[in-house]
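Whatever this is, show me its structure:
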Amino acid sequence: MRFLVDGMLGGLARWLRMLGQEVKYDSTAMDNELLRTAKDGNMVFLTRDRELHQRALARQVMSVLVLGETEEERLAQMSRTFGVSLEAAMDKTRCPECGSELRETSKNSVTDKVPAASLKLYDHFWECTDQSCGKVYWIGSHWKQIRQTLEEARRLAGLER
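Below is the predicted model of the structure:
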C-alpha cells in the first residue's frame, strides 16, 4: 500500500514511515497537485480536509478522511482501515524524515553524526539510504514514548495483546 498524505498530517506521515509504510508527503503541494499525484501514482490519499476528500472521491482517487485528533487515534484508524501493523521494527522502518529505506550501520561510520553520549550508550545504528538526507537513528530513550503511543493505538484499534 502506498500513501499520499496532505500537509495537515505530517505527524501521521512520519508514524506510517516508522511502521514501514511507503508514504509521500509534501507540505507545500497544492490540492490539485496532490489529487493528480495520488491518482497517477495509484496511492491512497489521506486528508483531514472534508471538501478535499469529497473532491478526491469525485475524481476516483482512493481517499480516506482521517478523523482522529491524536496520533494514537489516527494510527488506530489506519490499522482498522488498512491493516497497518502497529509494531515498529527497525528492519522494516523507513526514514521518518524522507521515507527512504534505512540500513544498519556501524558505530564507527556515524561518529560524526551522533551525539557522543548516544555513541557511549548504544551499539546499534541505522542510517537513511538517501544521501541527501542521511539521518541516523538508534533505539534510545525516546523509544519508551514510541512504544507507549503504539500501545495506545493498538488499544484504540481493538488489537490489545
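
residues near residue 8, how many?
Counted with other CB atoms under 10 Å, the neighbours of residue 8 add up to 14. Just so you know, the C-beta spots here come from the backbone N, C-alpha and C atoms, and that holds for glycine as well.

which residues of the protein fall in helices?
10-18, 31-40, 50-58, 71-82, 116-121, 143-157 (DSSP state H).

any chance of the ones you listed in TSV, plus mean neighbour count and mean pLDDT?
TSV is the format used below for the helices of the chain (neighbours: other CB atoms under 10 Å; pLDDT from 0 to 100):
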stretch	mean neighbour count	mean pLDDT
helix 10-18	21	98
helix 31-40	16	97
helix 50-58	15	98
helix 71-82	19	98
helix 116-121	11	94
helix 143-157	16	96
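
Among the ones you listed, which comes closest to residue 137?
Closest approach to residue 137 among the helices of the chain is made by helix 10-18 (9.3 Å; CB to CB).

Give me the nearest residue to residue 133, chain neighbours excluded.
residue 98 (4.3 Å; CB to CB, 6 or more residues apart in numbering).

Hmm, residue 134 and that neighbour touching each other?
No: if you go by CB atoms under 8 Å, residue 98 and residue 134 don't touch, sitting 9.4 Å apart.

Between these two, which contacts overlap?
Common contact partners of residue 98 and residue 134 (CB atoms under 8 Å, 6 or more residues apart in numbering): residue 128.

neighbouring contacts of stretch 54-70?
9, 12, 31, 35, 38-39, 43-48, 50, 53, 73-77, 81.

buried sites along it?
Of all the residues in stretch 54-70, those buried under the rule 16 or more other CB atoms under 10 Å are 55-56, 61-66, 68.

ok, now stretch 124-140?
Neighbour count says stretch 124-140 has 125-128, 136-138 buried, by 16+ other CB under 10 Å.
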